[in-house]
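1. need coordinates for the below:
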Amino acid sequence: MEAVVGQAHRRVLLLDPQGTVAVTFLSTVPQDAWMGMTDGRGLVWFVGDMRFGGVMALPGGSLIWWTGAPVAGQQAAESSSGVRRVVEEELARQAVKFVFDEWLK
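-> Numbering: from 1, shown residues only. Coordinates of the predicted model:
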């Protein structure tokens, strides 16, 4: 997620398996969700159609919000340090672990 200058909305970027932006939404994200993510990076659940929008939530289903329609032509801000890629890889590992932990309960 990224702050949008002059707006209350956040730019929410969903990544594909290769780590590139698959879709971007401008969404009113609950403050607790926004503040709970380090540098705007974190794991969210998405239910819907990426062509039209959907519902997002933090893992476990808390703090649910509507994404709004996707935004055409939006890209993520690039990181010059390479840290972004490491964070994204760690988030993918956490997502897989969460799914398996829940499945095994």
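
2. so who does the nearest residue in space to residue 29 that is not next to it in sequence touch?
-> Closest residue to residue 29 in three dimensions, ignoring its sequence neighbours and counting by Cβ to Cβ, 6 or more residues apart in numbering: residue 10, at 4.4 Å. C-beta: built from backbone N, CA, C; applies to glycine. Going by Cβ atoms under 8 Å, 6 or more residues apart in numbering, residue 10 touches 1, 2, 3, 4, 26, 27, 28, 29, 34, 40.

3. quick check: bridge partners of the closest residue to the third one other than its chain neighbours?
-> Across the structure, with Cβ to Cβ, 6+ apart as the measure, the residue nearest residue 3 apart from its sequence neighbours is residue 10 (6.4 Å). Each beta-bridge partner of residue 10 is listed here, defined by DSSP bridges: residue 3, residue 27.

4. look up how far residue 43 lies from residue 10.
-> From residue 10 across to residue 43, the span is 15 Å (Cβ to Cβ, to the nearest Å).
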